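**Q** coords below, sequence missing:
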């Protein structure tokens, strides 16, 4: 439907316009389980950044604790990163991103890390609109501690050692929405094309972009009837639209004439465009009320609703609010940071 | 009656939230402006409005301005604390009270002065009805001013300062002061001995609180990021950053070189500060005990990832929520041992408002030089009360950003570096900062086991190597610690070790111990952990060393015991913890009680026995002394009592 990222003059087929090969975006070999949804997501992060010609040194990686939080080791070797504490990724990212406000954060968390121990920080990083992509690799289960229920596990889920889950689940997208997140999407690791396009759109967003990606745990929670399994996801996925990211200055070419309302273009902060080809309903992702409604609808109908659920491109990101100097704060000189000598007398004079 | 000039205390009892702080600060500042050494301490409840609160002022011509336990002059404005206030006046003292309080006067050994506060305020038509209570406080200022001789001009100067030159409130308050003074002149007969006379002993000094000083010091240290969460008594530190940064770091383009974020809790406050510090900002947080408890897991992360950050702990008394508005030195061992696993803490211990400023900038230097969290332990007394101080001094050394590699540095070494490699042999590695565009600059830091190149590893050898280097780094840290301050007197035979805000009380006690008890004690005020050689040498020098501090268990004493097991028998704990600022009386009495207990020939052998007994139970003697440390603190106390 759209054409993008045509190789530019001078770039070889294996190099992007940043002059980098895909290898420059890779990380260490994964130590997660074979078939883990997280590995697929890591691959899409690599592809998305490569295709967007992002220089690895221009982003920052963050994570908390858990299988998901290990994964930033497996992509972007050339990127600074902070593997922090369980549930505390948001605060580390919030502080770090002040150092060079031109940088974009990519955070990877899990459902335990975000929806249980880190729920408080998750909600607050939403309302502060920190400039980062916040990926939740959501599998409904604690992997590293070997298969306990997480807060996103559906009521009634049966797990080997745990029995039946008696509690209602947390819906990460809903939590993000009600906390005033400015970009909320859900996807499914079994739908890599959509994952990649959503990562690109999220990277293009100025502010917090939450991607709740259902990412099956092949070892502990991949039973056919489990909400977070590959089989269930394939059967129950209800995409809101087909999504494609079109880089700045690329021509948007539509495959065929579309009827009005079928295509929606969202202009992103960096000049790029996100094109949504609506399926069935004329869904408007800029309508927060609608967003909550479709999430509720999906819950009631047991759908795995995927796509860009909500986006608001008009809100300033945290560092915008602070009216910072153009030079990255961490490159300011001593003279710019220490008040001059004369000020000490003025201060002393103020002290009675 | 013999006059007592410039040597007494004044305590005002009011209702919390009644606006008495303007009045009390006016008294304090006026006396300061008269050139007389003075201190003022707010002894307040954890409450917004209604509960009894006190403000105690110490005036002392010799400069002894620790809190005085005896109340020479008491002003009672609160019916709820009236009886208690009346009873608290020391014999021969003076008692002023608002005469609308109709309660029995049961004392005949003190001067009693009723004050018609309400009628005086009512008689001024310029005071709006809802301002009457506030302005009423100024009436007692006026009465007191007349009775003890506060210079009216200094009162005017104090009010001018307080209201930042705004004429209307200055006039309204000044009129009440004058009315009070005139009424006193016409109606009161002086029956007490207390007088003020102008001196020149505060010339060149300033008045400030430690939290403001700490914020200003941090600003002169180039602070760029602070994450914080409101907590008494630390909130005013971060608030002062918000007040002064826009002024002191004003730029022509109107843009900011800093960011202050009020976090959702103390976990996030320190998390943000660590993120910022890791990424190359001069970064800090400020909190008090309960907040520090929450920060514990992040403190461990900063230690292991080697992220620079400064953590101010304005101590209040615990455990748990404790007494939120009372002062303490009770977070010392907690901070020293903070976090699970093996770690070492850098702790700075400012002793006054001047040092709060100095350590404000110094802590940021040390944090970046050592790439580790630096804790600065002040306390409520220092943090929230107005103290006389030398003027703040501009940092005497350039900013120390530590070992940072930028693009050109990496080019020079051809990208050949490791984040946790000990290149210089001092245990301090080099670091790069996010935003560095050199393709070899990046690393993925982590709180999990890592090698010299920040790669994840569970390899035992590597783990131990990294931990040993961290230990080496802590040794190197000693070179950067502020040295202790020695207050020496001639012919000293014993030593006193103290830290933080108790200095005034200890100095006064040192004087009285010498003059009245014939005990000559040198006083070493420790200003940092790890201890430097000066501390070792000081303890070595004396047969008996008293460790004075404001907590129950003798926390500094415990740490000294673990650091110097060879000196265990010399060390004596003088610990006290009622939540009030230290007084010379308890320091002196505490020293005397421990002195008499262990002075005789019997004391030492029995104390030795206690340790020996422990030693025989354990395999290694050295171990045993170390192990028994915490317990011997309690044991030797009780054995001392028995004697």
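**A** Yep, it's here. All values reported here derive from a predicted model rather than from experimental measurement.
**Q** what helix or strand is residue B:12 on?
**A** Element membership of residue B:12, judged by DSSP states H and E, is strand B:7-15.
**Q** what about that strand, distance to the chain center?
**A** 22 Å (CA atoms, centre = their mean, to the nearest Å).
**Q** mean confidence for the helix or strand just after that strand?
**A** Next helix or strand after strand B:7-15 toward the C-terminus (DSSP H and E): helix B:20-33. The average pLDDT for helix B:20-33 rounds to 95.
**Q** please see if helix B:20-33 touches chain A.
**A** Yes: Helix B:20-33 is in contact with chain A by CB under 8 Å from any CB of the partner chain, via B:29, B:32. Every C-beta, even on glycine, is put in place using the N, C-alpha and C of the backbone.
**Q** re the thing from before, who does the strand holding residue B:12 touch, helix- and strand-wise?
**A** Under the contact criterion of 3 or more CB pairs under 8 Å, 6 or more residues apart in numbering or on different chains; DSSP states H and E, strand B:7-15 touches helix B:20-33, strand B:52-60, strand B:71-76, helix B:82-88, helix B:132-148.
**Q** let's have the ones you listed in TSV, adding mean neighbour count and distance to residue B:571.
**A** Formatted as TSV, the helices and strands packed on strand B:7-15 follow (neighbours: other CB atoms under 10 Å in any protein chain shown; distance: least, CB to CB, whole Å):
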stretch	mean neighbour count	distance to residue B:571
helix B:20-33	24	37
strand B:52-60	23	30
strand B:71-76	25	34
helix B:82-88	17	35
helix B:132-148	25	43
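**Q** any chance of a markdown table for these, columns distance to residue A:97?
**A** A markdown table is the format used below for the helices and strands packed on strand B:7-15 (distance: least, CB to CB, whole Å):
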| stretch | distance to residue A:97 |
| --- | --- |
| helix B:20-33 | 40 |
| strand B:52-60 | 43 |
| strand B:71-76 | 53 |
| helix B:82-88 | 54 |
| helix B:132-148 | 45 |
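**Q** on that earlier part again, between the strand holding residue B:12 and helix B:132-148, how many degrees?
**A** With axes from the mean of the first three to the mean of the last three CA atoms, to 10 degrees defining the directions, strand B:7-15 sits at 160 degrees from helix B:132-148.
**Q** partner strands of strand B:7-15 and their direction?
**A** strand B:52-60 (antiparallel), strand B:71-76 (parallel) (DSSP bridges).
**Q** tell me the contacts of the residue lying closest to residue A:341 once chain neighbours are set aside?
**A** Using CB to CB, 6 or more residues apart in numbering or on different chains and skipping residues adjacent in sequence, the residue nearest residue A:341 is residue B:394, 5.4 Å away. Counting by CB atoms under 8 Å, 6 or more residues apart in numbering or on different chains, residue B:394 touches A:341, A:344, B:220.
**Q** how about the residues of the stretch 451-600 of chain B near chain A?
**A** So the stretch 451-600 of chain B meets chain A at B:455-456 (CB under 8 Å from any CB).
**Q** show me where the stretch 451-600 of chain B has its strands.
**A** B:485-487, B:494-499, B:521-526, B:528-529, B:544-549, B:571-575 (DSSP state E, counting those that start in this stretch).
**Q** contacts for the fifth one next, please.
**A** The set of residues external to strand B:544-549 that reach it, using CB under 8 Å, 6+ apart, is B:329, B:332, B:494-499, B:502, B:506, B:521, B:538-539, B:554-557, B:560, B:567, B:570-576, B:582, B:587, B:590-591, B:594-595, B:598.
**Q** thinking again about what came up before, name only those of the contacts of residue B:394 that count as buried.
**A** A:344, B:220 (16 or more other CB atoms under 10 Å in any protein chain shown).
**Q** and which of the contacts of residue B:394 is nearest to residue B:158?
**A** Residue B:158 lies nearest to residue A:344 out of these, by CB to CB, at 23.4 Å.
**Q** follow-up on the earlier one: residue A:100 is nearest to which of the strands of the stretch 451-600 of chain B?
**A** So among those, strand B:528-529 is nearest, using CB to CB, at 32.6 Å.
**Q** quick one: strands adjacent to the closest one?
**A** Sheet pairing for strand B:528-529, using DSSP bridges, gives strand B:346-348 (antiparallel).
**Q** next, the contact list for residue B:220, please.
**A** Residue B:220 touches A:338-339, A:344, B:248, B:357, B:360-361, B:392, B:394-395, counting by CB under 8 Å, 6+ apart.
**Q** again, only this time at 10 Å
**A** A:337-339, A:341, A:343-344, A:347, B:244, B:248, B:357-358, B:360-361, B:364, B:392-395, B:399 (CB atoms under 10 Å, 6 or more residues apart in numbering or on different chains).
**Q** brilliant, that's me finished.
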